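**Student:** 3D model of this:
(2 chains, ligands or ions: 1)
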Amino acid sequence: MDLRDLREASDAALVVAIGRWRQEALAEAYRRHAGAVFALSRRLLRDAALAEEVVQEVFLRLWHAPDRFDPERGSLRSYLLAQTHGRTVDLLRSETSRRQREERDARATAEAGYDLEHEVLDLSVAEHVRHAVAQLTSDERRAIELAYFGGHTYREVAALLDQPEGTVKSRIRAGLRRMRTTLADVGIAGAPWPLR
Amino acid sequence: MATPLNHAAIEELLGAYALDAVDDDERDAVERHLAECPRCRAEVTEHREVAALLANAGLPAPDGLWDRLAGVLDAPPPQLALAPVTPPRRRRRAVVGWAAAAVAAAVVAVLGVTAITQGRRLDHALQALRQNGLLRAALAASTSTGARHAELASPDGRVLASAVLLRDGTGFLVRDDLTPLPADRTYQLWGIIGGDKISLGLLGRHPGVVAFRAAGDVAGFAVTAERAGGAVAPTGTPVIAGAVRSA
Ligand SMILES: [Zn+2]
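**Tutor:** Reported below is the predicted structural model:
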């Protein structure tokens, strides 16, 4: 695989090459996804230096354990961002950042309602994602924003919004699910899982 | 969680779980369920796809970050022609658990998969990064002179933890992927010393990085799942086990 092939390789093929210790394949995966990884982590941490550490962790993990990514179960982007979010939230919840977190909470509450609209910058899908967000009730939207971009547990979200925990938990799931359906309708995401 | 959550309760948590918005007990409960329920796994995957779209900010990564990252990547290992390792036969696993784990580890050691597992060791460490100061100590230990290493694998051959043992008997275990146990159970670490299984300590139900001390010549490590108070001798086959490689 030469460099030009790598540029055209699927994400799954890149991961196979990474499994063979092809550093240039990791470089290509980095080129495609590191920006999103960095943006998400910095969005939560509000600290570029810490977010850079998360980027390094996420791509080092891909380098050392590429087999953790299962192309049958979602895209590489989604896998990397889930890893990013998990690592970032761990940092946020660690003891040392407790104080900053308390300060951050006030800001997060004040800013809720804007994040989702401003976060989506990829123009090819932005309109559709915006449309999907617009299908949410404002309660669903705020709950998802505070959980995902605020790094809060649903219990914390419930406290912040002064709503019952069970209600917030349900709203997060229902909201994600509705967005999935909306996006699937326009071919952005696969079909939603079957109703039960 | 004192009582396991039923399926409906787990399902209700899946959205919050996919956004890392559940507390530790709930996360453990969901993950135990996901290990056995493809349907819920599929739902979590889909929630994460949606979340990834929300996060889809197409900013460039910071300048210079790739160069720093490339600087810490391991050099590619020499090409090894690895013979396939035949996993122990399933029906015999219960009978030969301890022996099979040791043999599998020995086979891995003989085949010289060191170069590959070396990378995994770093990965294990990274996964628990900043969990506590122990990790930094473990990372430092893993590169210090005379340090010996062990990869602890499950009976089906997955490396789920790694251990590093220093010459003074100080050791660190960094788990990777051990399934959290219920509240009344704990993982327990054993050292294979002079043919005996010596307890090196309780790891808790969801271990991250643990430090231990071992006296004597440790040939291998094993981890079992025991009742919360621990056991004086292992009561079952090891969940993971591996031989210590020579320095
Ligand atoms: Zn299920």
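**Student:** Spell out which residues make up each domain of chain B.
**Tutor:** B:7-54, B:65-138, B:146-243 (automatic domain parsing).
**Student:** average pLDDT for the second one?
**Tutor:** In this case it means domain B:65-138. Across domain B:65-138, the average pLDDT comes to 48.
**Student:** any idea how far residue B:17 is from residue A:164?
**Tutor:** Using Cβ to Cβ, to the nearest Å, residue A:164 is found at 19 Å from residue B:17. (C-beta placed from N, C-alpha, C; glycine too.)
**Student:** what does residue B:223 give?
**Tutor:** Distance of residue B:223 to residue B:17, given as Cβ to Cβ: 26 Å.
**Student:** One more: residue B:67?
**Tutor:** In terms of Cβ to Cβ, residue B:67 sits 36 Å off from residue B:17.
**Student:** okay, the two: which has more neighbours?
**Tutor:** residue B:17 (27 against 8; other Cβ atoms under 10 Å in any protein chain shown).
**Student:** any idea of the pLDDT on the residue in chain B that chain A sits nearest to?
**Tutor:** Distance from chain A to each residue of chain B (Cβ to the nearest Cβ) is smallest for residue B:15, at 2.9 Å. We have a pLDDT of 98 for residue B:15.
**Student:** these two touch, right, it and residue B:48?
**Tutor:** No - between residue B:15 and residue B:48 there is no contact under Cβ atoms under 8 Å: 10.4 Å.
**Student:** Would you mind telling me which of the two has more residues around it?
**Tutor:** Under the neighbour definition other Cβ under 10 Å, residue B:15 and residue B:48 were set side by side, and residue B:15 has more, 30 against 23.
**Student:** a strand runs through residue B:188, doesn't it?
**Tutor:** Yes - counting by DSSP: H, G, I helix; E, B strand; the rest coil, residue B:188 falls inside a strand.
**Student:** right, and it touches residue B:227 too?
**Tutor:** No - taking contacts as Cβ under 8 Å, residue B:188 lies outside contact range of residue B:227: 9.5 Å.
**Student:** more crowded one of these two?
**Tutor:** Using other Cβ under 10 Å, the more surrounded residue of residue B:188 and residue B:227 is residue B:188, with 24 against 11.
**Student:** what sits opposite the more buried one in the beta ladder?
**Tutor:** According to DSSP bridges, the residues that bridge with residue B:188 are residue B:202, residue B:224.
**Student:** Grab the nearest non-local neighbour of the one residue sitting closest to the centre of chain A.
**Tutor:** Of all residues in chain A, the one closest to the mean position by Cα atoms, centre = their mean is residue A:81, 4.4 Å from it. Leaving aside its sequence neighbours, residue A:81 sits nearest to residue B:52 (Cβ to Cβ, 6 or more residues apart in numbering or on different chains; 4.5 Å).
**Student:** number of nearby residues for the one you found?
**Tutor:** Residue B:52: 24 surrounding residues under other Cβ under 10 Å.
**Student:** Let's verify it: helix, strand, or coil?
**Tutor:** Criterion first, three-state DSSP; result for residue B:52: helix.
**Student:** pLDDT at it, what is it?
**Tutor:** For residue B:52, the model assigns a pLDDT of 91.
**Student:** if I look at it, how far off is the ion?
**Tutor:** Residue B:52 is 22 Å from the ion, where distance means Cβ to the ion, to the nearest Å.
**Student:** That residue reaches residue A:84, doesn't it?
**Tutor:** No - Residue B:52 lies out of contact with residue A:84 (Cβ under 8 Å); the separation is 9.6 Å.
**Student:** continuing past the helix or strand of chain A with the lowest mean pLDDT, what's the next helix or strand?
**Tutor:** When each helix and strand of chain A is scored by mean pLDDT, DSSP states H and E, helix A:115-119 comes last, with a mean of 43. Downstream of helix A:115-119, the first helix or strand assigned by DSSP states H and E is helix A:123-134.
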